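Trainee: below are the sequence and a predicted model; questions follow.
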Amino acid sequence: MNSQYRTYRVATDFGYQVDSLIPVIGYTETVNNEMCISHSHPRAQLIYATRGVMNVVVGNNIWVVNPLQGLWIPSGVEHQVTFQKDVNYYSVFIDPSAIGGLPEKSFSFDIPMFLKQLVFKIISFGTSGNLTESQLRIIYVFLDELALIVPSATFLPTTNDERLQKVVELLMSDVSSKQTIDYYAELSFMSSRTLSRLFIKELGMNFSDWRTRMKLLEAIKRLGEKQSIKEIALDLGYETASAFIYMFKKHLGKTPSNYILEDENESDKMIA
C-alpha cells in the first residue's frame, strides 16, 4: 500500500447491511489522501464526488473519476478506491433486493444532473432506514435512472500477464516517456511484434492507443488537482501545450480549459 494514504473504511460498512426494507443507503463526507483497500460487499454502489479525484481499481481496469462522472460497482465486485486531495465523496449503496435491471459490470459514466440531484436527495434521508412513502417513490425514480446509465471510455485496462505487466508498470512510472514499442520489447526480452500482439490480446488496444489513454487519465487527474495546462503538457511529454490540447480534445471532445470550466460550473450548481 502507498504509505502516503491512510486506510479508509467508514462508508464501506453500509455496503454490508442487507435489508430489503432499506433499498438504498446514502452517505457523504470529505476524504483526504485515503485509500479504501480492495474489498467487496453485497450491496451495489454508486460512487460520485462533487470535488476532487478518485482512482478506482476493479479487476484489470483503472478509472480516474472526476466531478463530471460517477462510477458504478455491482454487488459482490471487488474494488479499491484511492481518494486524492480533499474529495467531497458521495455514495449510494443499493440492496441486493433492488438491483434487478441494473448494470452487471463496473464502469464510469457521465453522470446527469438529475441523477446527481437524486443522489443528494437520498443522502438527505439519513442512514437509519425509516423511509416514508414519498422517500420510497424518490428511491424508485433513482433506481429507474440508474438503469439508464451507459459507460464512458475513460478507463485504463491493465493485465495479469507477467510479460505485459512489466511494460505497463514501466509506462505508468514514467508518463512522459517517448520511447517506442521496440524499446520496451527489448527490455522485456521479446520481439516488438509479440509485444504488439499482447497489447491487443490483453488490453484490447494497441501500444500507442493504450499510452495515449494513460496520458489522458493522468491529465484528468492533474486537472482535478488544479495543475496548469502547460505544466501538465510538459509533464506528460508533449513538446507544446497546443499538442496536448489537441490530443485532449480529440479524445474527449472538449479542450482542457472547457473541461475544467464544465467541472467548476457543475460544482457551482451543487452549491447553489
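Mentor: Nice, thanks for sending it over.
Trainee: for the stretch 101-250 of the chain, which segments count as helices?
Mentor: For the stretch 101-250 of the chain, helices defined by DSSP state H, counting those that start in this stretch occupy the ranges 113-123, 133-146, 162-173, 181-187, 192-198, 207-224, 229-235, 241-252.
Trainee: dump the ones you listed to CSV, plus mean pLDDT.
Mentor: Converted to CSV, those look like this (pLDDT from 0 to 100):
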stretch, mean pLDDT
helix 113-123, 95
helix 133-146, 97
helix 162-173, 93
helix 181-187, 96
helix 192-198, 96
helix 207-224, 91
helix 229-235, 96
helix 241-252, 93
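Trainee: and the closest residue in space to Met247 that isn't next to it in sequence, how far is that from Thr28?
Mentor: Distances taken as CB to CB, 6 or more residues apart in numbering place Thr212 nearest to Met247, at 6.7 Å, with adjacent residues excluded. Bear in mind the C-beta positions are built from the backbone N, C-alpha and C, glycine included. Distance of Thr212 to Thr28, computed by CB to CB, to the nearest Å: 34 Å.
Trainee: neighbour count winner among these two?
Mentor: The neighbour comparison of Thr212 against Thr28 (other CB atoms under 10 Å) goes to Thr28, with 18 against 15.
Trainee: which strands and helices sit next to the helix or strand that contains that one?
Mentor: Using DSSP states H and E, Thr28 maps to strand 24-31. If contacts are counted by 3 or more CB pairs under 8 Å, 6 or more residues apart in numbering; DSSP states H and E, strand 24-31 sits against strand 87-94, helix 113-123, helix 133-146.
Trainee: which other helices and strands contact the longest one?
Mentor: Read it as helix 133-146. If you count contacts as 3+ CB pairs under 8 Å, 6+ apart, helix 133-146 packs onto strand 24-31, strand 87-94, helix 113-123.
Trainee: relative to helix 133-146, how tilted is the longest one?
Mentor: So that's helix 113-123. Computed by axes from the mean of the first three to the mean of the last three CA atoms, to 10 degrees, the angle separating helix 113-123 from helix 133-146 equals 140 degrees.
Trainee: for helix 113-123, what is the distance to the chain centroid?
Mentor: Offset of helix 113-123 from its chain centre (CA atoms, centre = their mean, to the nearest Å): 19 Å.
Trainee: send me stretch 115-130 as CSV with only the CA atoms.
Mentor: Presented in CSV, the C-alpha positions along stretch 115-130 are these (Å, rounded to 0.1, in the frame of the first residue of the first chain):
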residue,chain,number,x,y,z
LEU,A,115,-29.2,11.7,-11.2
LYS,A,116,-26.9,13.9,-9.1
GLN,A,117,-29.9,15.7,-7.5
LEU,A,118,-31.4,12.3,-6.7
VAL,A,119,-28.2,11.2,-5.0
PHE,A,120,-28.2,14.3,-2.9
LYS,A,121,-31.9,13.9,-2.0
ILE,A,122,-31.3,10.2,-1.0
ILE,A,123,-28.4,11.2,1.2
SER,A,124,-30.7,13.7,3.0
PHE,A,125,-32.8,10.8,4.1
GLY,A,126,-30.1,9.7,6.5
THR,A,127,-29.0,6.1,7.2
SER,A,128,-31.5,5.0,9.8
GLY,A,129,-33.8,3.4,7.3
ASN,A,130,-37.0,5.0,8.5
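Trainee: what residues does that stretch touch?
Mentor: Under the contact criterion CB atoms under 8 Å, 6 or more residues apart in numbering, stretch 115-130 has outside partners 14, 19, 21-22, 24-28, 46, 48, 70, 90, 92, 131, 135, 138-139, 141-142, 145-146, 149, 270.
Trainee: out of those residues, which are buried?
Mentor: Buried members of the contacts of stretch 115-130, scored by 16 or more other CB atoms under 10 Å, are 14, 22, 24-28, 46, 48, 70, 90, 92, 131, 135, 138-139, 142, 146, 149, 270.
Trainee: ok, now how distant is Tyr34 from Ile138?
Mentor: That one is not Tyr; residue 34 is Glu. Glu34 is 30 Å from Ile138, by CB to CB.
Trainee: any idea how far the nearest residue to Phe248 once chain neighbours are set aside lies from Ser228?
Mentor: Ranked by CB to CB, 6+ apart and with sequence neighbours excluded, the top spatial neighbour of Phe248 is Pro256, at 5.1 Å. Look at Pro256 and Ser228: by CB to CB, they are 10 Å apart.
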